[in-house]
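Undergrad: here's a sequence, model it:
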Amino acid sequence: MSTRTPRRRGAGRLTVAVALGTVAAGLALALTLPTTSAQSRPVPPVAVQRQRPAPHVMDFAQGLNAPVKQAAPQTASTPVPATADGCDHAYGDINVCVPWTFPPAAGTAPGAGCRWLLAHGYPPLAVHGRDRLGLDTNHDGTACDHGDTGAGG
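TA: Next up, the predicted model:
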């Protein structure tokens, strides 16, 4: 006579599933709890020092017989053409770019330049030096302000 207890079908699978669930829950808990071990703490980024490789410089002039030409150093007195960036810097602050030539859609009628500038959000602009674009028609030192042609006043 056998002393085995009868097993229900699928009971072994249930035991394995419960055991795996318990292990997974324990692992999840262990991962979320803070630890006090110094070895498990992240290393602060300041302490990590990355070694940068030495720059790879290729000397393309090596082996050529021509003498090396030195570029002239640029100084404040080096002339830069007024149209180098397409802006006329005689108007407004140093960072204001008034186009040297207005787009054809602006028109050529008197005051067309001021109308185009005002339509594109430019405020009245102080004139520094020569009024090459003819925007300060009343010659008060401010272009496209009250009294200038095209400024609406």
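
Undergrad: how many residues are close by the residue nearest to residue 110 when sequence neighbours are not counted?
TA: The spatial neighbour of residue 110 that comes closest, neighbours along the chain excluded (Cβ to Cβ, 6 or more residues apart in numbering), is residue 149 at 5.0 Å. C-beta coordinates here come from the backbone N, C-alpha and C atoms, glycine included. For residue 149, the count of nearby residues is 19 (other Cβ atoms under 10 Å).

Undergrad: repeat that for residue 110.
TA: Neighbour tally, residue 110, other Cβ under 10 Å: 12.

Undergrad: so residue 22, which state does it fall into?
TA: helix (DSSP: H, G, I helix; E, B strand; the rest coil).

Undergrad: ok, residue 113 - contacts?
TA: With contact taken as Cβ atoms under 8 Å, 6 or more residues apart in numbering, residue 113 is in contact with 102, 106, 133-135, 144, 150.

Undergrad: repeat for residue 96
TA: Applying Cβ under 8 Å, 6+ apart, the residues near residue 96 are 87, 89, 122, 125.

Undergrad: helix or strand for it, just tell me which one.
TA: According to DSSP states H and E, residue 96 maps onto no helix or strand at all.
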